[in-house]
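In: fold the following and give me the result.
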Amino acid sequence: EVMRGLGGMSYEFHGRERLGRPGQLIIANHPTLIDVVLIIAFTPVPVCVVKAALFRNPYTRLVLKAAGYIPNDPTGMMIERASDALRGGECLVMFPEGTRSRPGEPMVFSRGTAAVAARAAQILTPIYIGCEPNFLNKSMPWYRVPARRPHLKVEVGEDIYLSFYRNLPPHKAREEE
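Out: Numbering: from 1, shown residues only. Okay, the predicted model is just below:
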């Protein structure tokens, strides 16, 4: 709200009332550094999977631990901790790419998010994020300010209920996709 109030950016967020449910896994693309702030701001008490390097940073470590966030490495431990959080009724936020999206390139997902979803998510809720013009993305230095004010559009997609897929043998689950 501070950035919006000062005119640094604008945003619209559709469907935010459907965020924060017990056992909900929220997944999103990650086009800019600021999108994670919007998701966390509008999701009641989220648990997030974050880059492990942030847990080694003396400025962010204590905040992340106090928030109950989960480091993404080692992967096996992350999958267990994230699955436990979902089974415990937490709402979990993950970025399946594991890093910010690269403009104009196809998204490449890590398998960790799928493993967590298959093991423990009650509801999988995708979020689609767009940013025009590009701002704080992976291929742009943070100090490069766009010529016009960035606008983020955040759209909460339709829920995917995973219980049906858990009852199928693996080969049947793949055919249904």
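In: in the host helix or strand of A41, what's buried?
Out: Secondary structure assignment for A41, by DSSP states H and E: helix 35-42. Using 16 or more other Cβ atoms under 10 Å as the test for burial, helix 35-42 gives D35, V36, L38, I39, F42. Placement of C-beta: from N, CA and C, glycine included.
In: for the first one, which non-adjacent residue is spatially closest?
Out: In space, D35 comes closest to I129 once its chain neighbours are excluded; the distance is 4.8 Å by Cβ to Cβ, 6 or more residues apart in numbering.
In: how about F109, nearest residue that isn't a chain neighbour?
Out: Distance criterion Cβ to Cβ, 6+ apart; nearest residue to F109, sequence neighbours excluded, is P96 at 4.2 Å.
In: the longest helix seen in the chain: which residues count as buried?
Out: In the chain, taking DSSP state H as the definition, the longest helix is helix 75-87. In terms of neighbour count (16+ other Cβ under 10 Å), helix 75-87 has its buried residues at M78, I79, E80, R81, A82, S83, A85, L86.
In: contact partners for the last one?
Out: Applying Cβ atoms under 8 Å, 6 or more residues apart in numbering, one finds that L86 lies in contact with G23, Q24, L25, L92, V116, R119, A120, A121, Q122.
In: which residue is the nearest non-sequential neighbour of it?
Out: Nearest non-adjacent residue to L86 (Cβ to Cβ, 6+ apart): A120, at 3.9 Å.
In: ok, the one you found to R81 distance?
Out: 11 Å (Cβ to Cβ, to the nearest Å).
In: any weak-confidence spans in the protein?
Out: Applying pLDDT under 70 to the chain flags residues 6, 168, 170-177.
In: what do you get if the cut-off is 50, keeping everything else the same?
Out: 173, 177 (pLDDT under 50).
In: who's in contact with G20?
Out: Counted by Cβ under 8 Å, 6+ apart, G20 has contacts T43, P44, V45, P46, C91.
In: burial count for the third one?
Out: The criterion is other Cβ atoms under 10 Å. On that basis, V45 has 10 neighbouring residues.
In: residue boundaries of the strands in this protein?
Out: For the chain, the strands defined by DSSP state E occupy 10-14, 24-28, 46-50, 70-71, 91-94, 123-132, 151-156, 160-161.
In: quick revisit: can I get the buried residues of helix 35-42 in a markdown table with distance to L54?
Out: Listed next are those as a markdown table, based on distance: Cβ to Cβ, whole Å:
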| residue | distance to L54 |
| --- | --- |
| D35 | 16 |
| V36 | 11 |
| L38 | 18 |
| I39 | 16 |
| F42 | 21 |
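In: which one of these is nearest to Y69?
Out: Checking the buried residues of helix 35-42 against Y69 by Cβ to Cβ gives V36 as the nearest, at 11.1 Å.
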